[in-house]
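Visitor: here's my sequence, what's the structure:
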Amino acid sequence: MYRCVLALDFDRALSANRTVPVALQTALERLRSAGYALFLVTGRRFGDAALVPVEKLFAGMVWENGAVLYHPTTDSIYLPFGRINPRLVEALAAAGVPLEYGRAIVSTRKPHDETVSRVLSNWVGHAVVTQDGDISRILPPGTAKGAGLERLLALCGFSPRNLVSLGDGEGDPSLLQLAETGVTVADALGALQEVADLVADRPGATGAVETVEAFWLGKGSERALRVRQRRHVIPLGRDDAGTSVSIPANVLARGNLGVFGDSGTGKSWVAGLLAEGMHHAGYQVLMIDPEGDFRGMQALPGVVAITVAEGAVPPPRMIATVLDAVTVSVVLDLTAYPPERRDAYVAELLPAVDRLRAARYRPHWVVLEEAQQFLPPNDNALWNALQPMLVAGGWAFVSYRPDRLPDALLATLDMCIVTQLCEPDAVEALGRTSGCNVEASVADIPSGHAWLCGERVVCLRPNARRIPHIRHLYKYMDTPLPKHKRFYFRDHQHYLQVEAASLFEFLQCLRTVPVASLSYHQARGDFARWVADALGDGVLADQLLKLARRPLAVEALREALLRRVSAHCQELRELCSQPSYDAE
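Guide: Model prediction:
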């Protein structure tokens with residue numbers, strides 16, 4: 001699923017005597033039948049008859065070095081950079097340059113390239129000139145094969161993060177640089193071979209057929225392809241030796257990850273860091289969030305939050321429709337939906353996600369937070385829907401109890417990250433994962449660190465997140481917390497029969513409970529501890545701890561608490577003010 005969009009340049013290497021070799025045409029037909037999306041990229045003029053035999057195989061075609069885009073499904077032609085300036089064309093013709101006319105460009109051949117250079121040096125406007133053998137093409141400003149293909153992929157609903165590009169000519173560097181993996185052939189220009197991730201052993205169309213058969217048609221492994229491991233990386237921190245540690249985004253996109261740790265040790269923070277990094281690198285992310293850990297990510301451009309609540313349940317097809325917008329990542333917020341019904345809802349959603357992945361090869365990464373809530377060790381409808389999807393990779397499971405997940409799921413994990421794990425059964429479960437070799441004492445991992453299974457302990461980067469990680473950002477303001485996470489007021493003698501189920505209720509209680517109760521809890525640090533542990537809000541917890549160190553009169557304590565908590569609530573409301581998609 002990861003690299004299933006192939007763009008092939010047809011200017012030199014992939015054609016012989018202006019025709020497509022039979023062996024290459026057969027290989028392309030097999031790719032199309034296997035479910036790959038193929039794109040043609042060429043500098044030739046729109047509608048070149050030599051390519052008619054293979055046109056039907058392509059989901060889209062880039063002509064004239066990126067200046068003309070053709071979308072076969074809608075039979076639409078786009079000129080993303082406009083046409084070459086008519087006055088420049090007149091100036092070239094007046095200088096005696098014989099021209100061939102395309103939809104958006106003009107071209108000529110040697111030895112007229114010198115005249116073209118002279119005319120352009122006196123031209124007050126802008127134009128792009130490319131060389132392809134003895135052909136000089138004069139293009140509108142901004143035109144390049146890679147730029148044109150990027151726009152066509154978006155029109156067709158595909159992402160460059162799934163792209164493999166194959167080219168060999170002078171105009172192909174932008175084509176290879178756009179892709180996750182750039183491929184060229186043995187007789188390509190030396191500069192292009194330096195840019196490419198893979199160079200075929202053979203020249204021309206023979207090398208192209210060799211590569212396709214080796215990695216995509218069953219004779220080899222697509223996963224064995226070299227990729228730009230350092231192109232899209234997510235920095236985690238540094239190891240004990242001070243060496244920077246990063247995870248390549250493409251490793252997450254093509255594999256399955258487990259993020260495990262006890263409550264409050266930062267596992268959701270790590271998962272959020274990775275999700276932000278994936279989104280920032282252009283990968284589409286779907287976060288299934290039952291606890292509100294990721295809702296704050298809607299503050300990032302291109303991330304939307306969809307709320308699922310009792311009486312306001314968006315149908316799965318709506319989620320798929322939002323995901324179908326290629327640049328959008330989605331947080332599916334289930335905090336206001338009854339816990340006993342969440343797994344059934346997600347089980348209904350997964351087939352829609354699977355269909356989108358089959359058609360568009362995305363979302364690239366799906367995060368299931370608190371996975372043990374959805375996937376008990378025994379089968380359920382969600383597991384039955386999920387299991388066949390794990391083969392393609394691109395999943396992350398976040399849990400404090402990996403031992404409560406199906407063994408079959410643990411066996412599919414290619415990699416694990418552990419913050420701290422003390423429960424013996426949970427530690428033992430790590431040994432049942434294919435991506436983790438338990439050699440360190442995971443119960444002793446210090447705060448602010450994480451263990452990359454089988455590798456090393458990493459000191460996580462401080463302030464690495466692009467957004468504030470406020471646990472239950474939306475939920476704890478207004479939606480009731482579970483009974484065991486609520487704050488119960490008492491004084492020195494007894495329980496007051498008053499409880500706060502959310503930050504909003506806590507604020508209201510501060511106005512009414514006896515000041516003796518406030519003094520009792522503040523002196524013990526109970527308020528700061530509850531805010532840190534139940535709500536995960538370190539900022540407010542620190543403020544309450546500072547307040548506890550001040551000598552305050554009885555009523556002054558109430559006023560000080562009200563000011564601090566009220567101001568913090570207002571800050572959270574402003575952060576949550578970003579638009580989200582809520583079902584009506």
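
Visitor: avg pLDDT for the helix or strand containing Leu40?
Guide: Element membership for Leu40 (DSSP states H and E) is strand 37-41. For strand 37-41, mean pLDDT rounds to 94.

Visitor: swap in stretch 341-358?
Guide: Averaged across stretch 341-358, the pLDDT comes to 94.

Visitor: and it, how far from the chain's centre?
Guide: On the basis of CA atoms, centre = their mean, to the nearest Å, stretch 341-358 sits 18 Å off its chain's mean C-alpha point.

Visitor: swap in stretch 62-80?
Guide: Chain-centre distance of stretch 62-80: 27 Å, with CA atoms, centre = their mean.

Visitor: remind me which residues of this structure are low pLDDT?
Guide: Flagging of the chain using pLDDT under 70 yields the residue ranges 1-2, 11-18, 49-50, 217-230, 434-440, 454, 462-479, 574-584.

Visitor: redo that, cut-off 50
Guide: 220-221, 223-224, 226-229, 469-472, 474, 578-584 (pLDDT under 50).

Visitor: domain map for it?
Guide: Here the domain parsing of the chain from automatic domain parsing is 5-81+142-224, 84-141, 233-460, 475-575.

Visitor: quick one on the thing from earlier: would you mind listing the buried residues in the strand holding Leu40?
Guide: Going by neighbour count (16 or more other CB atoms under 10 Å), the buried part of strand 37-41 is 37-41. Where C-beta positions appear, they are placed from N, C-alpha and C, glycine not excepted.

Visitor: end to end, how far does stretch 167-181 reach?
Guide: Length of stretch 167-181, first residue to last, CA to CA, to the nearest Å: 11 Å.

Visitor: I meant to write stretch 287-298 there.
Guide: Start-to-end span of stretch 287-298 (CA to CA) is 11 Å.

Visitor: stretch 177-187 too?
Guide: One end of stretch 177-187 sits 19 Å from the other (CA to CA).

Visitor: what pairs with the strand holding Leu40, and is each one parallel or antiparallel?
Guide: Paired neighbours of strand 37-41 in the sheet (DSSP bridges): strand 5-9 (parallel), strand 60-63 (parallel).

Visitor: and of those strands, who's closest to Gly448?
Guide: strand 5-9 (39.2 Å; CB to CB).

Visitor: would you map the strands across the stretch 451-584 of the chain?
Guide: All strands of the stretch 451-584 of the chain, identified by DSSP state E, counting those that start in this stretch, fall at 456-460, 487-490, 495-500, 581-582.

Visitor: ok so, going back, could you dump the strands paired with strand 37-41 to TSV with mean neighbour count and distance to Thr130?
Guide: Output for the strands paired with strand 37-41, formatted as TSV (neighbours: other CB atoms under 10 Å; distance: least, CB to CB, whole Å):
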stretch	mean neighbour count	distance to Thr130
strand 5-9	26	13
strand 60-63	26	14
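
Visitor: make a markdown table out of those and add distance to Tyr400.
Guide: Output for those, formatted as a markdown table (distance: least, CB to CB, whole Å):
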| stretch | distance to Tyr400 |
| --- | --- |
| strand 5-9 | 37 |
| strand 60-63 | 45 |
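
Visitor: among those strands, which comes closest to Phe374?
Guide: So among the strands paired with strand 37-41, strand 5-9 is nearest, using CB to CB, at 30.6 Å.

Visitor: can I get that closest one in CSV? Just the C-alpha atoms.
Guide: Extracted as CSV, the C-alpha positions of strand 5-9 are listed here (Å, rounded to 0.1, in the frame of the first residue of the first chain):
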residue,chain,number,x,y,z
VAL,A,5,1.7,5.4,-7.2
LEU,A,6,4.3,5.1,-10.1
ALA,A,7,5.2,8.0,-12.3
LEU,A,8,7.2,7.2,-15.5
ASP,A,9,8.9,9.6,-17.7
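
Visitor: which outside residues touch it?
Guide: 14, 28, 31, 36-42, 62, 145, 149, 153, 158-159, 162-169, 172, 175, 179, 208, 212, 216, 361 (CB atoms under 8 Å, 6 or more residues apart in numbering).

Visitor: one more pass at 6 Å, please.
Guide: 14, 36-39, 41, 149, 158, 162-167, 172 (CB atoms under 6 Å, 6 or more residues apart in numbering).

Visitor: stretch 386-400 now?
Guide: Contacts with stretch 386-400, where a contact means CB under 6 Å, 6+ apart, come from 1, 253-260, 262-263, 267, 271, 350, 354, 364-369, 371-372, 412.

Visitor: what is the end-to-end distance of it?
Guide: This stretch, stretch 386-400, spans 20 Å end to end (CA to CA).

Visitor: likewise for stretch 361-376?
Guide: Across its full length, stretch 361-376 reaches 28 Å end to end, with CA to CA as the criterion.

Visitor: how about that stretch: buried residues?
Guide: Buried residues in stretch 361-376 (16+ other CB under 10 Å): 361-375.

Visitor: then stretch 376-389?
Guide: Using 16+ other CB under 10 Å as the test for burial, stretch 376-389 gives 382-383, 385-386, 389.

Visitor: distance from that stretch to the middle of the chain?
Guide: Remark: stretch 376-389 is offset 24 Å from the chain centroid, using CA atoms, centre = their mean.

Visitor: of the strands paired with strand 37-41, which is nearest Ala191?
Guide: Minimum separation from Ala191 across those (CB to CB) falls at strand 5-9, 15.0 Å.

Visitor: next structured bit after the closest one?
Guide: Of the helices and strands lying after strand 5-9 in sequence (DSSP H and E), the nearest is helix 22-33.

Visitor: would you put the C-alpha positions of that next one in PDB?
Guide: Only the C-alpha atoms of helix 22-33 are listed here, as PDB (Å, rounded to 0.1, in the frame of the first residue of the first chain):
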ATOM      1  CA  VAL A  22       6.200  -4.400 -25.900                       C
ATOM      2  CA  ALA A  23       7.900  -5.700 -22.700                       C
ATOM      3  CA  LEU A  24       7.400  -2.400 -20.900                       C
ATOM      4  CA  GLN A  25       3.800  -2.100 -22.100                       C
ATOM      5  CA  THR A  26       3.100  -5.600 -20.700                       C
ATOM      6  CA  ALA A  27       4.700  -4.700 -17.400                       C
ATOM      7  CA  LEU A  28       2.500  -1.600 -17.100                       C
ATOM      8  CA  GLU A  29      -0.600  -3.600 -17.900                       C
ATOM      9  CA  ARG A  30       0.300  -6.000 -15.100                       C
ATOM     10  CA  LEU A  31       0.900  -3.100 -12.700                       C
ATOM     11  CA  ARG A  32      -2.500  -1.600 -13.500                       C
ATOM     12  CA  SER A  33      -4.200  -5.000 -13.000                       C
END
